[in-house]
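[1] Structure of the sequence below:
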Amino acid sequence: MAPPQPSSAPSEEPSSEDPAPGAREHIDWKFASASAGRFVPSGPKASRIEIKDAVAELRASARAAVEPVAITSRLSAPSDAASALVVDRPGWIRANTTSLESMVGPVIDDVMARRSADIPAGRRPADPSELGQRVGGVVSGAEVAGLLSWVSTKVLGQYDLAPEGTPRLLLVAPNIMTAERELEVDRRDFRLWVCMHEETHRVQFSAVPWLRGHIIDSARSLSTSMVPTPSELNERLGALVMGLPAVLRGQTDITTLLANEQQRAQLAQITAVMSLLEGHADVVMDEVGPQVIPSVAEIRAKFTERRQGAGLVDVLLRRLLGMEAKMRQYRDGALFVRAVIDRVGVEGFNEVWSGPDTLPRAAEIADPGAWVSRVHG
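    Predicted coordinates:
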């Protein structure tokens, strides 16, 4: 598929300002973005007219999803919230490179500053040469590029938190077109259905102002704590090597091999929140119902089967990257949301957005009654 024309690419390009020195020294973000965008497959074969029509229809579907999502969720995005942006794979890569740099740059700087402070002045190694820094940054950038390139072919849509920019909903046109062809579902219904899910994410973050900052801060805090100290490095590597076969068999998640007990508790709490967000979006997109999306039941059945039916290589990559856990979030979160709504209704469920203290705790995702008792008494 040829990339959509500039009208469908992100209207706000990543900032051209230099990143923070610590981030620039360790990861060459410009190289990562350029490399990933250059080598990623463009998508399914399609004529320019098909691409233009798909972009136009996705924009229209995003607008059409606003009212049904607001009615079903009983949450509304503010009028000044950014609308959805239809992008191709390189456009998604550019946006996510910028966001990833903003997310992990401060983490890298903090970790390096702490490590430097822990080493006595007389024992600190000499600063690496400029050439050494550049080579290291390019190598790290290549690793980031490989990750972004692969993920960019999978994601249908995403609410980009843009830690230091403007958050916005992204719809990845070639991936949506690929999915609708593979599933052999009604094209218009599927595009609107996807937009229902992603619009729910837009509403979650724009109608609940504190949520974006809470998730960014939680992710940065966990990332910083999970970087091993020099004394922990050998132990972590040993645990990773010993546990990798279990990860590949799907018996455990790779993050459990890299975290200590306290970090696992932090990770479990972040996972609970992500399960809530994904499950809520899945429930809303299905609850909108056949009066808006006639083939919603067929689409859900085929899409659920598709999530489970990836090839061996794809499954292994998902497990190594922790994306199998992401798939569980949809299921576990949806069960939680439906159970809570059955007990206290939509308005009662929406108490979950009152503040960080009313978000479900890790154990409550599997025990919705415990959340209801804690929040509603």
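[2] Can you tell me how far Leu359 is from His280?
    The gap separating Leu359 from His280 is 12 Å, by Cβ to Cβ, to the nearest Å. For every residue, glycine as well, the C-beta is placed using N, CA and C.
[3] For these two, indicate the residue with more neighbours.
    More neighbours surround His280 than the other of Leu359 and His280, with 28 against 19 (other Cβ atoms under 10 Å).
[4] Mind giving me the packing neighbours of the helix or strand harbouring that one?
    Element membership for His280 (DSSP states H and E) is helix 261-287. Under the contact criterion of 3 or more Cβ pairs under 8 Å, 6 or more residues apart in numbering; DSSP states H and E, helix 261-287 touches helix 48-73, helix 187-207, helix 209-226, helix 323-349.
[5] list the buried ones in that helix?
    Neighbour counts over helix 261-287 (16 or more other Cβ atoms under 10 Å) mark 264, 266-267, 269, 271-287 as buried.
[6] Just give the number of residues close to Glu67.
    As a burial measure, Glu67 scores 12 neighbours (other Cβ under 10 Å).
[7] Kindly apply the preceding question to Pro360 instead.
    Neighbours around Pro360, by other Cβ under 10 Å: 25.
[8] Over to the most centrally placed residue in the chain. Which of the three states is it?
    In the chain, the centroid-proximal residue (Cα atoms, centre = their mean) is Gln158; its distance is 6.5 Å. Here Gln158 is recorded as strand under DSSP: H, G, I helix; E, B strand; the rest coil.
[9] So for it, what's the nearest residue that isn't a sequence neighbour?
    In space, and not counting its chain neighbours, Gln158 is closest to Leu170: 5.0 Å by Cβ to Cβ, 6 or more residues apart in numbering.
[10] Could you give the bridge partners of that neighbour?
    Judged by DSSP bridges, the bridge partners of Leu170 are Leu85, Gln158.
[11] Straight-line length of stretch 157-164, end to end?
    20 Å (Cα to Cα, to the nearest Å).
[12] got it, and stretch 283-293?
    Termini of stretch 283-293 sit 14 Å apart (Cα to Cα).
[13] quick one: contacts of it?
    Residues outside stretch 283-293 that contact it (Cβ atoms under 8 Å, 6 or more residues apart in numbering) are 68-69, 72-73, 189, 192-194, 196-197, 200, 296-297, 299-300, 334, 337-338, 341.
[14] Buried deepest among the helices and strands packed on helix 261-287, which one?
    Sort these by mean neighbour count, taking mean count of other Cβ atoms under 10 Å, and helix 187-207 sits at the top with a mean of 23.
[15] and that helix, what does it pack onto?
    Looks like helix 187-207 contacts helix 48-73, strand 157-160, strand 168-172, helix 173-183, helix 209-226, helix 261-287, helix 296-308 (3+ Cβ pairs under 8 Å, 6+ apart).
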